[in-house]
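Participant: Pasting a predicted model and its sequence here:
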Amino acid sequence: MASRLHFGDDDFLRCRFAISPLWETQEAVRTLRRPDRHAYQAPWLRRIRDAAAGLDLAPLWLLMPRRGHSPDWLGAPPIGPAATFEEEIAAVRASDPEAAREDTALSLACTPGALESPQGRAWLADPARMIEELADAVEEAWRALIAPDWPRLRALLEADVAFHSRRLAEVGLGTLLPELDSRLSWDGRTLTLALHTEHARDLGGQGLVLMPSVFSWPDVITGFEPPWQPTLVYPARGIAGLWTESGERTPEALVRLLGRNRAEVLAALDEPATTTALAHRLRLAPSSVSAHLTVLRDAGLLTSRRYGHQVLYERTPLGVTLTGSGTSQVARTLTRTPPAAAAPAAHAPG
């Protein structure tokens, strides 16, 4: 079984990358009930435990079947490449009540008993009130679960988009798409995702939104029926190190070589990031991080490039070597105290 997205000639011209704080919020809520998603999220789960306990997430969970349809209107494809949560939740609140009612009924039907439950009947009887209640619930979840860490999350997602945009320029769409995940395959006209259900859609000239996600891991998700733009959600690069604090990833040999803060800046760049994102992650002043980045770049350990209105920094091959498996050996070599001059050899008596 598989999900198949069929491309027409116009669809190749209308593919785009996007990130969505609204999507990450909903998938974070879903992750709380999905132990199979907890492997990389354990530090986050510990940190937000108390905040999550203060939320009533039952209404949102009712519309998140383990298999089946989740309402498109409540987590629509992002409206722009860098939409804010405020913009996305405003679009949710502006949903057409009758369309939202039909979409919600499809989702409730995927959970046994949900359509006949008091909550389900109340929503379908008053969809305008349903929109207000669910939008409020998503906004509360955003503030409690995602907003405090959004700079870190956004930096990772933007780095993924920057990486794959560069790959798109290098190898083209047909090669890029299967690289997003091993479950994807491409035959020149159809993108196929190996799944447990059968689904097919002609893109119909709308193209495809490619959206990296932190909280959707390990799933790859397709869907969104008309009129929504078809979307493919895939696990973002670098999730394994997302919640690792800087001191945990910085080799002591590198600290001796560069100094604590500068070493942590270099070590934090597992994925390209901006000055602001690094400052937030490392709990340092942006001006201090900027100064360290300049020194590291001048030393040939980093490069910088513009992505939209932001400047992303990433390690050069030498920077990768210093922070990777060769760190200890290279750093020891560079920091080792020079040996004392050898004593002159004694001359044998003639």
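Facilitator: Thanks, I have it.

Participant: Might you report the residue contacts of residue 99?
Facilitator: residue 73 (CB atoms under 8 Å, 6 or more residues apart in numbering). The way it works is simple: take the backbone N, C-alpha and C, and place the C-beta from them, glycine included.

Participant: sorry, that was for residue 234
Facilitator: Applying CB under 8 Å, 6+ apart, we find residue 234 in contact with 180, 181, 184, 210, 211, 212, 213, 216, 220.

Participant: and those, which are buried?
Facilitator: 180, 184, 210, 211, 212, 213, 216, 220 (16 or more other CB atoms under 10 Å).

Participant: Keep only those of the residues you listed that are in helices.
Facilitator: Counting by DSSP state H, no part of the buried ones among the contacts of residue 234 is found in helices.

Participant: Which single one of those is nearest to residue 5?
Facilitator: Nearest to residue 5 out of these is residue 184 (CB to CB; 9.9 Å).

Participant: wait, residue 15 sits on residue 206?
Facilitator: No. Residue 15 is beyond contact range of residue 206, at 9.8 Å (criterion: CB atoms under 8 Å).

Participant: coming back round to it: could you dump the contacts of residue 234 to JSON lines with distance to residue 32 and pLDDT?
Facilitator: Shown next, in JSON lines, are the contacts of residue 234 (distance: CB to CB, whole Å; pLDDT from 0 to 100):
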{"residue": "180", "distance to residue 32": "26", "pLDDT": "94"}
{"residue": "181", "distance to residue 32": "23", "pLDDT": "92"}
{"residue": "184", "distance to residue 32": "27", "pLDDT": "94"}
{"residue": "210", "distance to residue 32": "26", "pLDDT": "95"}
{"residue": "211", "distance to residue 32": "21", "pLDDT": "95"}
{"residue": "212", "distance to residue 32": "21", "pLDDT": "95"}
{"residue": "213", "distance to residue 32": "15", "pLDDT": "95"}
{"residue": "216", "distance to residue 32": "14", "pLDDT": "93"}
{"residue": "220", "distance to residue 32": "20", "pLDDT": "92"}
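
Participant: and for the helix or strand that contains residue 291, what are the contacting residues?
Facilitator: Element membership of residue 291, judged by DSSP states H and E, is helix 286-298. Applying CB under 8 Å, 6+ apart, the external contacts of helix 286-298 come out as 258, 261-262, 265-266, 275-276, 278-279, 282, 302-304, 313, 319.
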